[in-house]
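Peer 1: The following block contains a protein sequence and its predicted model.
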Amino acid sequence: MNKDPFLFAIVLARLQRRETPAVIGQKFLDTLDALGAIDPLFTQWKVLDFVAMKAIPFAAARPRITAIIESNVRRDSYD
């Protein structure tokens, strides 16, 4: 028996993309809509408002998803 643990990693280097909050929001909405089309189980999404610490129903968050992303997403130290 091998006493050393098996280690496995996948590393992906991608070109950096600087997408706008509107583009990120639309991709997010498209992803959730696609999942909802697969199964109704994926239709009851909620978006967490970190400031108020409450969950907003997805239907209420949808029209203001760009603003939510702008105020809640930050780039890391690698941009």
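Peer 2: Received, thanks.

Peer 1: tell me which helix or strand of this structure sits lowest on mean pLDDT?
Peer 2: strand 46-49 (a mean of 80; mean pLDDT, DSSP states H and E).

Peer 1: residue ranges of the strands in this structure, please?
Peer 2: 46-49, 54-57 (DSSP state E).

Peer 1: Out of these, indicate the one that is most buried.
Peer 2: strand 46-49 (a mean of 15; mean count of other Cβ atoms under 10 Å). C-beta here means a position set from N, CA and C on the backbone, and glycine is covered the same way.

Peer 1: List the buried residues in stretch 63-73.
Peer 2: 65, 68-69 (16 or more other Cβ atoms under 10 Å).

Peer 1: for those, which one is nearest I38?
Peer 2: Of all the buried residues of stretch 63-73, I38 sits closest to I65, with 20.5 Å by Cβ to Cβ.

Peer 1: nearest spatial neighbour of the closest one, skipping sequence neighbours?
Peer 2: Sequence neighbours aside, G25 is the residue nearest to I65 in space, at 3.9 Å (criterion: Cβ to Cβ, 6 or more residues apart in numbering).

Peer 1: Surely that neighbour is in contact with I69?
Peer 2: Yes - with contact defined as Cβ atoms under 8 Å, G25 counts as touching I69 (5.1 Å).
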